[in-house]
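predicted model follows, preceded by the sequence.
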Amino acid sequence: MATERILITGANGLLGQELVRQLSRRDSYELLATGRDPASRLKGSLDHSYKPLDVCDPGRTQKIFNEFSPEYVINCAAMTAVDDCENDRDACWRVNAEAVGNLAKLCHGRGAHLIQLSTDFVFNGKDGPYYEHNRPDPVNFYGRSKLAGENAARAACMGKLAIIRTNVVYGRSNGLSRPDFVGWVIKNLTHKHPIQVYTDQWRTPSYTYDLAMGILRLVHFRKSGVYNLSGREFLSMYEFAQSIADAFDLDSTLITPIVQQDKPQLAQRPERTGLVILKSETELDYRPLSLKEALAHLHLRSQMTSTGSPFEDAWC
């Protein structure tokens, strides 16, 4: 059976790990996972190849392309810590903008299809949730760098390009130095540490399992263009934290609501972003789990992992 060769960059990150899990189970794809670490963070029976790659190294990136000849490149490599992006703008720009342009040129030269991950932070947060066609207007350096990456990809790819915008990504992961929002809430509440969470930051949280399924459908249908992939529910981060506490049977009274004016962050955050996923539902048959279902699914996965039992996603 003919297989399509898919290269994942940033494969040791939160979404990258989930893509490796899902793609490695399918015989129709030949997968090469890459990341800055010397080895894959995923252990067990997953059948996939891994090579170290810093996408900011053009020579090494070219070598990977020459050796593997990918037909699809899913670029999950990014600097996503918003305050860190504000502090170290040079590093942020190199990976979120310049490296994307280089990947796009390599894809164009080989006729490969680039799938570029982006963010709702390309918007200013005044009128969210946003459709794909809404005009970007980022309010922080992270958002500006990701928008520059989108534009660099458009300039180089000229056709075989899909831009995936998502937000507040959470899911199952191994060995990450920084937890996602769900992990942060669980860790603090488990240890009875009070937390403060914003009521004036509104998002549509995105489960990595759903995102991976959406990206697989995009590959299957060979789609180009901009697609929003996220959850459906539009809620404040405070409400999201409350939902996490409920799903994992933790003490929600430890969560204190605050507004951004009470505790400003280094980088400005847009107030109401989030994404409308109607286009993806219509064209990709994208059907994300509800927030309650997604958190229950994540909880089950974490329980199965902690007991050493294998986990299958078939019931989804």
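Received it, and whenever you're ready, just let me know what you need. Numbers count the residues shown, from 1 in each chain.

from residue 172, how far out is residue 137?
Taking CB to CB, to the nearest Å as the measure, residue 137 and residue 172 are separated by 33 Å. Placement of C-beta: from N, CA and C, glycine included.

let me fix that: residue 208
According to CB to CB, residue 208 and residue 172 sit 7 Å apart.

over to residue 254?
Taking CB to CB, one finds residue 254 at 24 Å from residue 172.

repeat for residue 22
Residue 22 sits 12 Å away from residue 172, going by CB to CB.

for those two, list the residues in contact with both.
residue 209 (CB atoms under 8 Å, 6 or more residues apart in numbering).

where along the protein do the helices fall?
Under the criterion DSSP state H, the chain carries helices at the ranges 14-23, 58-68, 82-87, 89-93, 99-110, 141-157, 181-190, 208-221, 237-247, 278-284, 291-306.

so what touches the last one?
Contacts of helix 291-306 from elsewhere in the structure, counted by CB under 8 Å, 6+ apart, are 170-172, 182, 205, 207, 209-210, 231-233, 235, 240, 243-244, 247-248, 288-289, 310-311, 316.

okay, now residue 233: neighbour count?
17 (other CB atoms under 10 Å).

test for you: state the pLDDT assigned to the closest residue to it other than its chain neighbours.
Leaving out its chain neighbours, the residue that sits closest to residue 233 by CB to CB, 6 or more residues apart in numbering is residue 291, at 4.7 Å. pLDDT, residue 291: 99.

I'd say residue 210 and residue 232 touch.
No. Contact between residue 210 and residue 232 fails when scored by CB atoms under 8 Å: they sit 9.8 Å apart.

okay, and the common contacts of those two?
Counting by CB under 8 Å, 6+ apart, the contacts common to residue 210 and residue 232 are residue 288.

between the two, who's got more neighbours?
Using other CB under 10 Å as the criterion, residue 210 and residue 232 rank with residue 210 on top: 25 against 18.

contact partners for that one?
229, 231, 286, 288-289, 294 are the contacts of residue 210 under CB under 8 Å, 6+ apart.

how about 6 Å then?
By CB atoms under 6 Å, 6 or more residues apart in numbering, the contact list for residue 210 reads residue 288.

wait, residue 157 sits on residue 108?
Yes. Using CB atoms under 6 Å, residue 157 is in contact with residue 108, at 5.3 Å.

of the two, who's got more company?
Neighbours per residue (other CB under 10 Å) separate residue 157 from residue 108, with residue 157 holding more: 22 against 18.

quick one: the more buried one and residue 217, what's the gap?
Distance of residue 157 to residue 217, given as CB to CB: 20 Å.

how about residue 60?
For residue 60 relative to residue 217 (CB to CB), the value is 31 Å.

neighbour count for those two, which is higher?
Ranked by neighbour count (other CB under 10 Å), residue 60 and residue 217 place residue 217 first, with 18 against 15.

what about the nearest residue to the more buried one once chain neighbours are set aside, distance to residue 257?
Distances taken as CB to CB, 6+ apart put residue 284 closest to residue 217, at 4.4 Å, once the chain neighbours are dropped. Relative to residue 257, residue 284 is positioned 36 Å away (CB to CB).

give me the more crowded residue out of residue 137 and residue 172.
Using other CB under 10 Å as the criterion, residue 137 and residue 172 rank with residue 172 on top: 21 against 15.

OK, contacts around that one?
Residue 172 sits next to residue 301 when contact means CB under 6 Å, 6+ apart.

same deal with residue 76?
10, 13, 15-16, 117.

can you do 7 Å?
In this structure, residue 76 makes contact with 8-11, 13, 15-16, 19, 117, judged by CB atoms under 7 Å, 6 or more residues apart in numbering.

could you do residue 91 as well?
Here residue 91 is in contact with residue 79 (CB under 7 Å, 6+ apart).

which parts of the least confident helix or strand in the chain by mean pLDDT are buried?
Least confident helix or strand, the chain: helix 291-306 with a mean of 89, by mean pLDDT, DSSP states H and E. Neighbour-count burial for helix 291-306 flags 291, 294-295, 297-299, 302 (criterion: 16 or more other CB atoms under 10 Å).

same question for stretch 87-102.
Neighbour counts using 16+ other CB under 10 Å place 92-102 of stretch 87-102 among the buried residues.

and for stretch 131-144?
The neighbour-count criterion (16+ other CB under 10 Å) identifies 132, 134, 136, 138-144 as the buried residues of stretch 131-144.

next: stretch 167-180.
Neighbour-count burial for stretch 167-180 [16+ other CB under 10 Å]: 167-173, 180.

and those, which is closest to residue 79?
residue 169 (14.1 Å; CB to CB).

tell me how far the closest one lies from residue 229.
Applying CB to CB, the value for residue 169 to residue 229 is 10 Å.
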